[in-house]
Every structure is written in structure tokens, then in C-alpha cells.
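*Asks:* need a 3D model of the sequence below.
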Amino acid sequence: MLILFYVSAFTAVFFATLAVGYTIYRDRLSVLERLEQYTQNTRETVYQELEQPLSERIFKPLVKMLTENLKRVMPKEKTLSYEQKLVLAGRPHGWNAETFVVFKYTVLGVLILGGLFTRSFLMLLMLGTLGLVLPDMYLSLCRKTRMEQIIKSLPDTLDMLSVSVEAGLGFDAALQKVVEKSEGPLAEEFSNTLTEIKMGKPRREALKDMATRIDVDDVTTFIGAIVQADSLGVSISNVLRIQADQLREKRKQRAEEKAQKAPIKMLIPILLFIFPALFLVLMGPAVISLAKSFK
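*Replies:* This next block holds a predicted model:
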């Protein structure tokens, strides 16, 4: 019984000591546990950030900070103007107005810095002017390329739409089929239009908004014909077939027009490069002979 009493007393003292120690060091242990967890999370976050490319870690946050500051100071008229140009160009690289302005002045700053190294005021002026013009030229080039791609793919797209509608599909389902089977800016615009229709926008307004975003005469004519046919109850398949034939004829006329302009455009390299070389080959020996005879 005495041994049992000592064992019970030792056990009671042991657990009492643990309880007192836990009570005293509970807050400290909790702080250490939270600190360890925070340190581990911070370490994992740092490792994840270091695994990202340099553009994601430095340039993207810098551009984000600059664009947020530009939103506060840029006039609304200028923002709307750049937004319209970017929409017509298909938003290259996912730019918005503020991002494009950051890109524009970055190019300007780099070219001005290069001009300062040349130590020539004329070169500095030329590079500064080029820095102001180049981003807008790039945006215009993107818009022109996009328009050409849309014009080129439009007749084939209308043929696919016509075949799908004649096969029994509705117009929206035919558009979905075109989006699945096609690529390029026109298919992307059709996809955006379908998304707007699914979100509740009326089909006519969605199609008109698409025509505004593209700003191509052929697309505007096609959208107008579809909206009118939908309003009057005319068969859409007939309208699509007629529009496809007309657009194919227009594409043929454009190709013939370019072929007729080709000889005129060829005159410039002929006059600048070919004629001087022929003149040297033909008249060079005669000039040399005359020079020798007068010696």
C-alpha cells in the first residue's frame, strides 16, 4: 500500500508539474508555432516568387503601379481615344489605354537615352520624334493586319454559316460552329458576340457592337443584312449565300486592283536600283574610252 501511495503521489506531482509548465509556456509555445508557420509560408512564397520569370516579378508590378497612377491623371478623352484605337487593333498583348501609354513613353525614353549617347542634337531630335511616332505606327499596323485577316476570312466564314443554317442549325448555333472550326480575329469576335448573347444582350445589339469593334465595311454590310433579315423574317440562309457571293466578288476585284497597281509600284525600285546599274554597265566602258582619248 505504501508503494502504491508513493506511485500515486509521484504521478499526481508529475502531471501537476506538466499542467503548471504548460500554463506558463502556453502563450510562448503558441507564438513560436505561429512564427514557425509564418516563416514556412513566407519561405514558400519567396521560393514561388523566385521561380517566376523576371517580367512577372519586376516589370509587371512596375507597369501595374504606373498604370494605376496614370488612371488618376490621364484625361478621359485621351483614354477613350486610345481605348477605341486598341479595340480596333484587337487589343495587342492585352493592352489597355494606360498600358499602351506606359509602353509609348518607355519607347520614347529609351530612344531619347540612345540619342543622348550620340551627343548629336539632330540625332536626339530624330530619335525623340521616332519614339513618339513608332508606338502609334505599330498600333496602326496591328489594325491594318487585323482588318486584312478579317476581310480575307469573311467569305469562307459566310459559306460555313450558310451551310450550317441550311443543315438545320439556328443562327446562334451556326456561329458557335464557326467559332469551333475557325481561327483568327473574326472567330474571336464571333465568340465574344456569342458570350454577350448568352449573358442576355439582344442579338441585334451584340451584332452591331461587333461591327463597331471591327469597323470593316464588309462586316458592317453583312451585319446590317442579317439584322434586317431578322427584323423582316427573311430566310437567313439566302442572305448569307448572297452576302458570301458579293464578298467573294469584292475580293476578286481587290486582287485585280492590286495586280494593276503592281507595275506602278515596281517603277520605284527600277528607277532607284536597276537603271543606275544598267547605266554604269552600258556607259562605263564608253566613259573610260573617252577619258583615255583626251589624255
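*Asks:* quick one: residues contacting residue 191.
*Replies:* For residue 191, the contact set (Cβ atoms under 8 Å, 6 or more residues apart in numbering) comprises residue 179. C-beta: built from backbone N, CA, C; applies to glycine.
*Asks:* how much space between it and residue 95?
*Replies:* Taking Cβ to Cβ, to the nearest Å as the measure, residue 191 falls 20 Å from residue 95.
*Asks:* again, but for residue 116
*Replies:* Taken as Cβ to Cβ, the span from residue 116 to residue 95 is 28 Å.
*Asks:* same thing with residue 138?
*Replies:* 11 Å.
*Asks:* who has more neighbours, those two?
*Replies:* The neighbour comparison of residue 138 against residue 95 (other Cβ atoms under 10 Å) goes to residue 95, with 19 against 16.
*Asks:* pretty sure that one sits against residue 85.
*Replies:* No. Here residue 95 does not reach residue 85: they are 10.1 Å apart, not a contact under Cβ atoms under 8 Å.
*Asks:* in this protein, what spans have low per-residue confidence?
*Replies:* Scanning the chain for pLDDT under 70 picks out the ranges 1-64, 66-73, 295.
*Asks:* so what does residue 89 look like in phi/psi?
*Replies:* Main-chain dihedrals, residue 89, degrees, to the nearest 10: phi -90, psi 0.
*Asks:* assess the claim that it and residue 137 are in contact.
*Replies:* No. Applying Cβ under 8 Å, one finds residue 89 not in contact with residue 137, separated by 11.6 Å.
*Asks:* which ones are touching residue 115?
*Replies:* For residue 115, the set of contacting residues under the criterion of Cβ under 8 Å, 6+ apart consists of 123-128.
*Asks:* hmm, 7 Å instead?
*Replies:* For residue 115, the contact set (Cβ atoms under 7 Å, 6 or more residues apart in numbering) comprises 123-124, 127-128.
*Asks:* out of those, which sit inside helices?
*Replies:* Counting by DSSP state H, these place 123-124, 127-128 in helices.
*Asks:* need the residues you listed in CSV (columns: distance to residue 276 and neighbour count).
*Replies:* Supplementary listing: those in CSV, determined by distance: Cβ to Cβ, whole Å; neighbours: other Cβ atoms under 10 Å:
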residue, distance to residue 276, neighbour count
123, 29, 14
124, 33, 18
127, 31, 19
128, 34, 15
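*Asks:* now, which of the residues you listed sits nearest residue 145?
*Replies:* Closest to residue 145 out of these is residue 127 (25.8 Å), distances taken as Cβ to Cβ.
*Asks:* surely the closest one meets residue 113?
*Replies:* No. The pair formed by residue 127 and residue 113 falls short of the contact definition of Cβ atoms under 7 Å, at 9.0 Å.
*Asks:* give me the domain ranges for this protein.
*Replies:* Here the domain assignment for the chain is 56-145, 147-253, based on automatic domain parsing.
*Asks:* so residue 165 sits against residue 237, correct?
*Replies:* Yes. Applying Cβ under 7 Å as the test, residue 165 and residue 237 come out as touching, 4.5 Å apart.
*Asks:* tell me which of those two has more neighbours.
*Replies:* Between residue 165 and residue 237, counting by other Cβ under 10 Å, residue 165 is the more crowded of the two (22 against 18).
*Asks:* what about that one, is that helix, strand or coil?
*Replies:* Reducing the assignment at residue 165 to three states with DSSP: H, G, I helix; E, B strand; the rest coil gives helix.
*Asks:* quick one: contacts for it?
*Replies:* Applying Cβ under 7 Å, 6+ apart, one finds that residue 165 lies in contact with 171, 174, 236-237, 240.
*Asks:* swap the cut-off to 10 Å and go again
*Replies:* For residue 165, the contact set (Cβ atoms under 10 Å, 6 or more residues apart in numbering) comprises 171, 173-175, 177, 235-241.
*Asks:* also residue 85?
*Replies:* Applying Cβ under 10 Å, 6+ apart to residue 85 gives the contacts 97, 100, 136, 139-140, 142-143.
*Asks:* residue 194 too?
*Replies:* Remark: with contacts taken as Cβ under 10 Å, 6+ apart, residue 194 is in contact with 172-173, 175-176, 178-179, 203, 206, 210.
*Asks:* of those residues, keep whichever come out buried.
*Replies:* The neighbour-count test (16 or more other Cβ atoms under 10 Å) marks 175-176, 178-179, 203, 206, 210 as buried among the contacts of residue 194.
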